[in-house]
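# pasting the structure only:
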């Protein structure tokens, strides 16, 4: 079975966003991975000193086939340093994994499938 790790920005850390609703949508996307025969996990990070250790733990937990980096991280200019950190940590700690990018939490499966 193929495997995918989805890295996203923690919706609880986004001011003015209904974090619970967004988290429910992200969880639904994990269910869709299973429906497509892909073993998937999600790691949600915030832009602080905990990001690196959280990411390294997730990246080394399993030999991922693909790592999907969420649009919420890539599209926010103020998160550019976090995006760069994520890409470099993937290269260092999951070099066997393809790197994919979604446009929203609802198309992570399709982003992963492009590389599986």
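In hand now; what should we look at? Because the structure is predicted, anything quoted here is derived from the model rather than measured. Numbers count the residues shown, from 1 in each chain.

# and the residue with the largest distance to the centre of the chain, backbone torsions?
In the chain, the greatest distance from the average C-alpha position (Cα atoms, centre = their mean) is reached by residue 16, at 21.3 Å. The phi/psi pair for residue 16 (degrees, to the nearest 10) reads phi 80, psi 10.

# All further residue positions should be reported with the first residue as 656.
Got it, first residue is 656 now, which makes that one residue 671.

# how much space between it and residue 760?
17 Å (Cβ to Cβ, to the nearest Å). C-beta coordinates here come from the backbone N, C-alpha and C atoms, glycine included.

# show me the contacts for residue 760.
When contacts are counted by Cβ atoms under 8 Å, 6 or more residues apart in numbering, residue 760 touches 663, 677, 680-681, 684, 725, 727.

# Could you work out the most separated pair of the residues you listed?
684 and 727 (12.9 Å; Cβ to Cβ).

# sec struct for residue 744, please.
helix (DSSP: H, G, I helix; E, B strand; the rest coil).
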